[in-house]
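K.L.:
my questions are about this predicted structure, shown below with the sequence.
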Amino acid sequence: MPDWTYHPLRGPAAAVLGRHRSQRAALRLLASIGSRPAGARLIARGFGHRHPPEHLAGELAGVPVTVRLGITVPPSLARDAVRAMPPLGAGVVEVAPVSAADAETVREAAAGRSIPLVVRACDPEAEAALKPYVDGFTSGDEPQVVHTSDPSVTAAAAALEEPGTVVLARPEVLVAAGPGWFQRVTEAATPTAPAPALRDVGRDPRRWPAWWWALLVGLGMTGAGLGAAAITLGPVLLWYDRDYLGMTLRELHAANHHLVHFLQHDRITMAGTMIAIGAVYTGLAVGGIRRGRPWAREVYLLSGAIGFPTLFYFLATGFVEPLHTATTLVLFPMFVAGVRRTPHTPRWRREPEGPEPERRRALVGQLLLIVTGTGLFVGGAVISVVGLTGVFVPSDLTFLGADAQTLETVNPRLVPFVAHDRAGFGGALMSAAVAITLLSAWGWRRGEAWVFWTLAAASAAGFLPAVVVHGAIHYTDLLHLAPVYFGIAMTGTGLLLARPYLCAEASAKAEN
């Protein structure tokens, strides 16, 4: 489990299972998943872990390790630790102290290991019994090995700056700090360079960096959303809409007095979602990809991989919107340029640790944002399915005062026209939800104010138009709007809890 579930839920889990039992349950769950190759990859990628920098490689007891950071555990925890720790970012597991009576336990733990396992044996019999099964032996007095019970990320990163030093955390470190401790230390020990500025981009598009193309897509999505909102609040229908329907706006209003407002409500929520996507892409480009964050590129890629294919919803609805198609054709090549693989030179700023209570509150906020993003994705999927099948939900028909058959008698193309808007909104909502969920899961770091403002801007762009337009057209069904109100409450609470942590540097500057 990541820190954003471990810390917020450890209290309730301890109350139900007991403190010790809940800790062992968490370790065994990670071990069970991490013991399988697919599960280990799922944990590592799901937690946002990446390959450690090469300078952190070294050796312990003559055994090469990819990262000089690991854990020391007693034999009773060895089996679970060997399986759970590698996906979390540990580079080595030390089992200590080990007597001859523990040899069988350690042998079983060593089977199927994916990182080096070293042992500190209490007697020659234990060492002889385990020599064929483990990678090496430690004596306990190696000057280059630091055994720590301090959960301080700064202290561990400082120790790793000494070439050859190996930091081994005791179990109480992870109990106090959470499973993300290894990744936080690795990141804090990574040397960084200054981020590129706007003047470094140049004028030749062939030499533009990936982050610049990603920024252009973000700005393009924002502009497209604003354009869609202007059309919705102005003419509502463009020439190709009228040609497809064979009806004018006045004729639609005459057929059903609520129909034009219904179209506006669908399209303004779609426009707000497009602006939200643009806000997230802009933040990812400037705050993440530009600073060499590998996970930022992956968030951008996964979101776009869901959003752009929704153009092909026309195969089900039968309505091809020229403006939507043209926007996609312009932005998609930029999107591809923005996700092309380039070396990720670390260019982020390393902020010092702050008060632990501040981080704990921020983790609760992080959990709320991830739950909200997941809910938005489910909602987007449901809206897409509804748009591609039944088109209307019961509250829609109540608001319109008509059923789908009545609308089809007015114009056989009217329902497919509405279906196009609705399904497209569902696809855009899924794209935005993926970006919000993964940004919240992978981007939560002290002093990363851009994460806070990106999520705040995206939330405002997505939620506020939906609330305003429903109120303006008097479509105020409580059940229909309940997910929106719930999302606003969750997002607002989460951002308020996380603001002191995410905006720590900005707050300090303001005070100075």
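P.N.:
Now that the structure is in, tell me what you want to look at. Numbers count the residues shown, from 1 in each chain.

K.L.:
which SS class is residue 95?
P.N.:
strand (DSSP: H, G, I helix; E, B strand; the rest coil).

K.L.:
who's in contact with the nearest residue to it once chain neighbours are set aside?
P.N.:
Spatial nearest neighbour of residue 95, excluding adjacent residues (C-beta to C-beta, 6 or more residues apart in numbering): residue 78 at 4.6 Å. Just so you know, the C-beta spots here come from the backbone N, C-alpha and C atoms, and that holds for glycine as well. Residue 78 makes contacts with 93, 95, 105, 106, 109, 117, as judged by C-beta atoms under 8 Å, 6 or more residues apart in numbering.

K.L.:
would CSV of those residues with pLDDT and neighbour count be doable?
P.N.:
Output for the contacts of residue 78, formatted as CSV (pLDDT from 0 to 100; neighbours: other C-beta atoms under 10 Å):
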residue, pLDDT, neighbour count
93, 96, 28
95, 95, 29
105, 94, 17
106, 93, 22
109, 92, 26
117, 95, 24
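
K.L.:
format the residues you listed as JSON lines; extra columns: distance to residue 128.
P.N.:
Below are these laid out as JSON lines (distance: C-beta to C-beta, whole Å):
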{"residue": "93", "distance to residue 128": "21"}
{"residue": "95", "distance to residue 128": "16"}
{"residue": "105", "distance to residue 128": "16"}
{"residue": "106", "distance to residue 128": "13"}
{"residue": "109", "distance to residue 128": "18"}
{"residue": "117", "distance to residue 128": "17"}
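
K.L.:
looking at those residues, spot the one nearest residue 425.
P.N.:
residue 93 (49.2 Å; C-beta to C-beta).

K.L.:
tell me what that closest one is bridged to.
P.N.:
residue 71, residue 117 (DSSP bridges).

K.L.:
any figure for the gap between it and residue 136?
P.N.:
11 Å (C-beta to C-beta, to the nearest Å).

K.L.:
common neighbours of the two, please.
P.N.:
116, 118.

K.L.:
related to what we said a few turns ago, report the two of the contacts of residue 78 separated the most.
P.N.:
It's 93 and 105 that sit farthest apart of the contacts of residue 78, by C-beta to C-beta, at 13.5 Å.

K.L.:
tell me the mean pLDDT for the helix or strand where residue 219 lies?
P.N.:
In this structure, residue 219 sits in helix 210-233 according to DSSP states H and E. Regarding helix 210-233, the rounded mean pLDDT is 95.

K.L.:
likewise stretch 72-88?
P.N.:
pLDDT averaged over stretch 72-88 gives 92.

K.L.:
picking up where we left off before, the helix holding residue 219 packs against which elements?
P.N.:
helix 259-283, helix 294-307, helix 322-339 (3 or more C-beta pairs under 8 Å, 6 or more residues apart in numbering; DSSP states H and E).

K.L.:
okay, the ones you listed in JSON lines with mean pLDDT and mean neighbour count next?
P.N.:
Formatted as JSON lines, the helices and strands packed on helix 210-233 follow (pLDDT from 0 to 100; neighbours: other C-beta under 10 Å):
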{"stretch": "helix 259-283", "mean pLDDT": "95", "mean neighbour count": "24"}
{"stretch": "helix 294-307", "mean pLDDT": "94", "mean neighbour count": "21"}
{"stretch": "helix 322-339", "mean pLDDT": "92", "mean neighbour count": "16"}
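
K.L.:
the ones you listed: which one's closest to residue 433?
P.N.:
helix 294-307 (8.6 Å).

K.L.:
hmm, who's touching the closest one?
P.N.:
Residues contacting helix 294-307 (C-beta under 8 Å, 6+ apart): 48, 50, 210, 214, 217, 277, 280-281, 284-285, 287-289, 335, 338-339, 344, 427-428, 430-432, 434-435, 438-439, 442-443.

K.L.:
CA atoms only for that helix, dumped as PDB, please.
P.N.:
Output of helix 294-307 as PDB, limited to C-alpha atoms (Å, rounded to 0.1, in the frame of the first residue of the first chain):
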ATOM      1  CA  PRO A 294       9.400  10.600 -15.900                       C
ATOM      2  CA  TRP A 295       6.000  10.000 -14.300                       C
ATOM      3  CA  ALA A 296       4.700  13.300 -15.700                       C
ATOM      4  CA  ARG A 297       5.200  12.100 -19.200                       C
ATOM      5  CA  GLU A 298       3.300   8.900 -18.400                       C
ATOM      6  CA  VAL A 299       0.400  10.800 -16.900                       C
ATOM      7  CA  TYR A 300       0.200  12.900 -20.000                       C
ATOM      8  CA  LEU A 301       0.500   9.800 -22.300                       C
ATOM      9  CA  LEU A 302      -2.200   7.800 -20.500                       C
ATOM     10  CA  SER A 303      -4.600  10.600 -20.400                       C
ATOM     11  CA  GLY A 304      -4.200  11.400 -24.100                       C
ATOM     12  CA  ALA A 305      -4.400   7.700 -25.000                       C
ATOM     13  CA  ILE A 306      -7.900   7.700 -23.600                       C
ATOM     14  CA  GLY A 307      -9.000  11.200 -24.800                       C
END
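
K.L.:
tell me how far the nearest residue to residue 340 once chain neighbours are set aside lies from residue 375.
P.N.:
Spatial nearest neighbour of residue 340, excluding adjacent residues (C-beta to C-beta, 6+ apart): residue 210 at 5.8 Å. Using C-beta to C-beta, residue 210 is found at 31 Å from residue 375.

K.L.:
give me the more crowded residue out of the two.
P.N.:
residue 210 (20 against 16; other C-beta atoms under 10 Å).

K.L.:
report the contact partners of the more buried one.
P.N.:
289, 297, 337, 338, 339, 340, 342.

K.L.:
on that earlier part again, of all the helices and strands packed on helix 210-233, which lies closest to residue 448?
P.N.:
helix 259-283 (10.0 Å).

K.L.:
for residue 261, which non-adjacent residue is spatially closest?
P.N.:
The nearest residue in space to residue 261 (C-beta to C-beta, 6+ apart) is residue 473, at 3.9 Å.

K.L.:
returning to what we had before: and the residue nearest to residue 95, what element?
P.N.:
In this structure, residue 78 sits in helix 75-88 according to DSSP H and E.

K.L.:
so for the helix or strand containing residue 254, what gets flagged as buried?
P.N.:
Using DSSP H and E, residue 254 falls within helix 249-255. Neighbour counts over helix 249-255 (16 or more other C-beta atoms under 10 Å) mark 249, 252, 255 as buried.

K.L.:
let me have these in a markdown table, extended by distance to residue 124 and pLDDT.
P.N.:
Shown next, in a markdown table, are the buried residues of helix 249-255 (distance: C-beta to C-beta, whole Å; pLDDT from 0 to 100):
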| residue | distance to residue 124 | pLDDT |
| --- | --- | --- |
| 249 | 91 | 92 |
| 252 | 90 | 91 |
| 255 | 93 | 90 |
